[in-house]
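1. how would this look folded up:
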Amino acid sequence: MQRPGGRWSAAQTWAALEHPALILAWDTDPLHPVSTAERLHELLPNSALHVSKTAEDVKSWTNRVIQFFSG
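-> Numbers count the residues shown, from 1 in each chain. As a prediction, the model looks like this:
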């Protein structure tokens, strides 16, 4: 549903994006909470979410990005 004046809400704008999106989060990042990543994942219809819980897992992000763009 559009807002008065024909403007979409932020959630509607995110939900309208159909291209693939990779969302990477770290569970202890105080500036980018996992809840924000989870909400984006809910809104973006073609998204993949990975939440790292260790520094070692964060090191896997490069390969995750490569795999994501490789299809």
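2. ok, now which ones touch S47?
-> Taking CB atoms under 8 Å, 6 or more residues apart in numbering, we find S47 in contact with 20-23, 40-41. Using the backbone N, CA and C atoms, a C-beta is placed for each residue, glycine as well.
3. all strands for this structure, in order.
-> 21-26, 47-52 (DSSP state E).
4. of all these, which one is nearest A15?
-> Among those, strand 47-52 comes nearest to A15, with 10.6 Å by CB to CB.
5. so what strands line up beside the closest one?
-> strand 21-26 (parallel) (DSSP bridges).
6. buried ones in the strand it pairs with?
-> Buried residues in strand 21-26, defined by neighbour count with 16 or more other CB atoms under 10 Å: 21, 23-26.
7. dump those to TSV, plus distance to A11 and pLDDT.
-> Listed next are the buried residues of strand 21-26 as TSV, based on distance: CB to CB, whole Å; pLDDT from 0 to 100:
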residue	distance to A11	pLDDT
A21	15	96
I23	16	97
L24	21	97
A25	19	97
W26	24	96
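8. and those residues as CSV, adding distance to V51?
-> CSV is the format used below for those (distance: CB to CB, whole Å):
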residue, distance to V51
A21, 15
I23, 9
L24, 8
A25, 5
W26, 7
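9. any idea of the pLDDT on A11?
-> The per-residue pLDDT reported for A11 equals 86.
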